[in-house]
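Peer 1: How does the following fold in three dimensions:
(2 chains)
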Amino acid sequence: MTVPDADAELLQLFQDETTERLDDMDTALLAAEARNVSADTIDALFRNAHTIKGAAGILGFSDMAALAHAVEDILSVARLRGDLRPDLAAPLLRATAALRARVNGAAAPFEALIAELKTGLAALDAGRAGAGAEAGAWAGTGAGTHGPGAGPAAGAEAVPAGAETVPARADGDPTGAEPAWADGDPTGAEPAWADGDPTRAEPAWADGDPTRAEPAWADGDPTRAEPAPAWADGDPTRAEPAPAWADGDPTGAEPAWADGDPTGAEPAWADGDPTRAEPAPAWADGESTRAERGSTEGENMFTGGGAGPGPAPLATAGSWAARAGTGRPASLPQPRPAFGPGNGAPTAPAATADPPPAGEPPRADQAPAGQPPRAGQAPASPPPSADLPPAAPPGTAAGPPVPATAPRAATGQAPAAPAHVTAAAAHVPADSSPQASVQAVPAGAAGWSRDAGRRSVRVPAEKIDHLLDLVGEVMQDRRRLAHALGAAEGLPTDAADELSAGERMLGELKDSAVGMRTLPVSMITGPLPRAVRDLARTIGREVEFTVVGAETELDRVILESLSEPLTHLLRNAVIHGIEPPAERELAGKPARGRIELRAVPRGGLVEITVSDDGRGVSAAIVEEARREGSLADVLARAGFSTAGEVTDLAGRGVGLDAVKAHVHSLGGRFEVSSEPGHGMAVSLLLPVALALLKVLLIQRGEAVFGLPIAGVDEVVTVDATTTLQGRTSLDLRGRSLPVVDLAAVIGADARPLPRKPPALVLTADGRWLAAACDRLLGEEEVVVKPLGPLLAGVGGYLGAAILGDGRIALLVEPGALIRGHRRTTRGGLPAPLPPARAVPAPQDAGPARPAPDSRAAAPGTTLATARPLAPGKAALPPDRDNSAANCPGAGPAPASPGESGKILVVEDSFIVRELQRCVLESAGHAVVTASDGREALDALARDEQIELVVTDLEMPRLGGLELTRTIRADERRSSLPVVMVTSRGSEEDRRRGMEAGVDAYIDKQGFQQSALLATITQLLGR
Amino acid sequence: MNAYVRFLVAEEAYAVSVLNVLEVASLGEVTPVPGAPREILGVRNLRGKILPVIDLAALLGTHGSEAPGRLLVAESEGRQAGLAIDEVTEVGELAEPVEEAESALLTGTLLQEGNLIGVLNMHAVMDALGVPA
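Peer 2: Next up, the predicted model:
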């Protein structure tokens, strides 16, 4: 049941906040299930349930409130005991799932679940035979009056007097357990309902201390709507003036209209001076760049300026609040029916809605959240200041801080104060139903009671995009300027200095802007453990799921779009990857399967891998993949299932197609590797930021095209080619690569290519293609602009970029080129000969691995612009040293002759592993690889010829440090040189490495193949 | 009587309501987009914004002897596009179109001072290009 006229914004906020809380609860409940939960966590669980209950109640979702209430009851007991029994986790998890479904719109009845929880609660209490005060509180006082449900526990009315005092029915339902024990003492008057009205949601522990009369009613009067930042001055017990405390003085009346003029741009008092119009910090109108005119709306409302009654100031304040919270133009929420008795026009101390001063953005988030509901409240009549004696509130309940501020107004605030007060007062509904709850809940909902450490604001993504756009433009303009000035002779030193200083600052600005769009992967991985657990249980698997690298950051848009694909990959892993425990044991594996989701930053890219140690693909598929050249493609064929049977749960391959397509559309790369019987790994290589994309610019004909670095493996010169069946290919280190004219594949008109043109080796889905062009223009980070709806139907483009000289470069998606090529060569276009396979698949010695030497453009490196096709043929500009992708030909390298001994490369990411293998092999070393420390030890035991170990630091099962220590402890191998290549290069890490016995430490981020090779040479030479 | 921007395309006279016109500029450099429909000449950089440029003549089923040199940035219900035209002749009031037009892209035609002017239906033009409203 919803409240039809509830403000959409508020509902959205409720939905978002509740979902976050449910996520947190799930995580905690999973931990409880694993007997790994702390008292603090239980506390937090309880508070979350409590807040959800309150918020739901306020908004009229009484079914949710009742369920949350039941949950809260159980958690309350757990809280008192400081322990949550693992067997309680399952029903509670069901409850959170039900709440989640409900918050997302499903309308399922909760009665059964509630009943179950209440029974559980009763059992809990019954189990507490002779519990002390608690039991007494439970069963005791007023036990008889408890509602349905088992005995005292069920009633959970710690109502000494029979009638529900204080707590209990915050949601108006006497049958639910009441968080009466907000303060842990069921016998005491409850803070939660400090105002004595249990029907209101209480932000009980606004100050985090349930034993104290609540802050929400900082002024001690719970009947009054509290200005959001009740504790602006940090003291919850003091009445808080509206909010802003812009002047840092919570005791002064704070008018949203600091300058006393509600129509003027207000306040954030960004400059700390509340008397001057400030652009609202809270982005009240959602537009932070404009001076806030709380009055933008105010103008509509304030007719004749000033004291006009009506929602104006409220609206403004509220809108700020609302906007600040949601970034959308505030629409004032309507009074909600859910309010307790007598709820009528909600109060909304306008003033209180004021967003916090600029210096406290977090508040903006909080305050507003609390405000919207009130903001919406239609002011009753505009009582003149005179009506706002401090004492007023009691009767009116709705008395907002305004009354409280009245005295302050008198203390010398701007003369406008009275006007404000008036205005604010104007919003005091004549009907003084306590609206504190309204505000309280939203406040809670807004996240006040959330841990203060997480401070954030909501800003619409478009704003950030716009900012990024501007930053990109500024940078390009800068480059043009620098170029123009650089060309000029005799640039004065200080001008040159300014230029480079500006360059630095711009770089920081750019990083900052890009950083705003990035979020840690943990934002979407939160609900995954729960989902995996549930699914595994459902189908009878035992799965241990870990997330590694959740702090890795990624563009929010990309991140959000990954949620489904990742969920899908995980489902596949659980259903089709992990075998039933018995089968696993037969195979000599631990009964518990392992699934890992790992996110690793790789320079301007992020690699996300979902891997499992399950059954992997069948040998038949491996064979087919070898023929096709791509395991990803084979698996992605819809309906394909490695489970051998099709169930209604997705087959291993179903949906992989969508994931693959999605990754490509982001300009990323998709790879799959699997070993029959040993598991499978799906890797997504994605750009960190989509808005600013690193591309390689090339010219073909009159046009400039850009290809995302992630999709370009290397650049070669098309020199010696062979033609077979009308198709051209070239030999790249023993591999046959199809060569095409970029213009032809894209469909552009262009003059014929020059002789020996450069070609980009593109890769997607495990396939390669060399696309030839006229010229390489270089690498650049560009702002990706959409081509627009008119061109939306044209496939193959990621967008367009505006270059420094104003020209437009079309950004091409490598996968589209490769697919287009395959189509044409497979008979899509007239081909004289039977298509067969367009290109002989790159062969690989390993099982079902993507072609050997598959090299991702190493993170943080720039691509080499050329490399010899055949030994000795250097056709293009010299390799850029810092490119690990810069692997010279397979033949004897022009550089130093290699050492004869083998090098063991230990690295869990196959992309990086292959890359390192390539680098080393090209330098003439023989290479053996291992994907973690344990495998490395096996390899060392088997192979006497290993002379040196290159290892990563962080790896599953056995990491680099442990590996090194083990090597050092082994007499036979103790003097084996060990080089650690890792992205963790802090002093501390290096020290630990050295202590473990590492001989050399190389930073992966700035991977320099020369550094690695030189180090190896030196170590082997010793 | 409403205000219209009158212009020439393929040496023929057309008009479009001023409400649909954002600006007029030189055609500038149009970058072709391979794979795009024939009627879309390409994209143009309009002060940092990527604007698609439409070959209006082709769309209308006609062609001129010279390449268009001006760009009319048009809009209809939030959809924007640049129309490649020869030149703008004037902006002024026009009587309501009286004659029915054969083309769905025109709201009608009218005779003014001896000239037959086709009045463009921007909504239909955008639809024809397949732009979702």
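
Peer 1: Next SSE downstream of the worst-scoring helix or strand of chain B on mean pLDDT?
Peer 2: Across the helices and strands of chain B, mean confidence by mean pLDDT, DSSP states H and E is lowest for strand B:106-112: a mean of 85. Later in the chain than strand B:106-112, the nearest helix or strand by DSSP states H and E is strand B:115-120.

Peer 1: in its sheet, what does that following strand sit against?
Peer 2: strand B:12-17 (parallel), strand B:106-112 (antiparallel) (DSSP bridges).

Peer 1: can you list contacts of whatever helix or strand comes next after that strand?
Peer 2: Downstream of strand B:115-120, the first helix or strand assigned by DSSP H and E is helix B:122-128. The set of residues external to helix B:122-128 that reach it, using CB atoms under 8 Å, 6 or more residues apart in numbering or on different chains, is B:16-17, B:20, B:54, B:56, B:59, B:74-77, B:79, B:81, B:83, B:104-106, B:133. From N, CA and C alone the C-beta is placed, and that goes for glycine too.

Peer 1: related to what we said a few turns ago, just put the strands paired with strand B:115-120 in JSON lines and tack on distance to residue A:747 and mean neighbour count.
Peer 2: Shown next, in JSON lines, are the strands paired with strand B:115-120 (distance: least, CB to CB, whole Å; neighbours: other CB atoms under 10 Å in any protein chain shown):
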{"stretch": "strand B:12-17", "distance to residue A:747": "30", "mean neighbour count": "21"}
{"stretch": "strand B:106-112", "distance to residue A:747": "31", "mean neighbour count": "17"}
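
Peer 1: want to try JSON lines for those, with distance to residue A:118 as columns?
Peer 2: Converted to JSON lines, those look like this (distance: least, CB to CB, whole Å):
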{"stretch": "strand B:12-17", "distance to residue A:118": "68"}
{"stretch": "strand B:106-112", "distance to residue A:118": "69"}
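
Peer 1: all helices for chain B, in order.
Peer 2: In chain B, the helices defined using DSSP state H lie at B:56-60, B:122-128.

Peer 1: ranking the ones you listed by burial, who's on top?
Peer 2: Of all the helices of chain B, helix B:56-60 has the most neighbours on average by mean count of other CB atoms under 10 Å in any protein chain shown, namely a mean of 21.

Peer 1: Check whether that helix comes into contact with chain A.
Peer 2: No: using CB under 8 Å from any CB of the partner chain, helix B:56-60 stays clear of chain A, coming no nearer than 12.0 Å.

Peer 1: Who are the packing partners of that helix?
Peer 2: strand B:2-9, strand B:12-17, strand B:79-85, helix B:122-128 (3 or more CB pairs under 8 Å, 6 or more residues apart in numbering or on different chains; DSSP states H and E).

Peer 1: now with 7 Å?
Peer 2: On a contact count with 3 or more CB pairs under 7 Å, 6 or more residues apart in numbering or on different chains; DSSP states H and E, helix B:56-60 meets strand B:2-9, strand B:79-85.

Peer 1: quick one: strands adjacent to the first one?
Peer 2: Looking back up the chat, that one is strand B:2-9. Applying DSSP bridges, one finds strand B:2-9 paired with strand B:12-17 (antiparallel), strand B:87-94 (antiparallel).

Peer 1: And the residue in the stretch 51-200 of chain A positioned nearest to chain B, how close does it get to residue A:64?
Peer 2: Across the stretch 51-200 of chain A, no residue is closer to chain B than residue A:105, which sits at 26.0 Å (CB to the nearest CB). To residue A:64, residue A:105 is 12 Å away according to CB to CB, to the nearest Å.

Peer 1: who has more neighbours, those two?
Peer 2: Neighbour tally, residue A:105 and residue A:64, criterion other CB atoms under 10 Å in any protein chain shown: the higher count belongs to residue A:64, 24 against 8.

Peer 1: And that one, how far from residue B:2?
Peer 2: As judged by CB to CB, residue A:64 and residue B:2 stand 55 Å apart.

Peer 1: Please report phi then psi for residue A:544.
Peer 2: The phi and psi torsions at residue A:544 (degrees, to the nearest 10) take the values phi -110, psi 120.

Peer 1: Show me what it is bridged to.
Peer 2: Taking DSSP bridges as the rule, residue A:544 bridges to residue A:594.

Peer 1: residue contacts, the residue nearest the centre of chain B?
Peer 2: Note on chain B: the residue nearest the mean C-alpha position is residue B:83, at 4.6 Å, using CA atoms, centre = their mean. Shown in contact with residue B:83 (CB atoms under 7 Å, 6 or more residues apart in numbering or on different chains): B:54, B:56, B:72, B:74.
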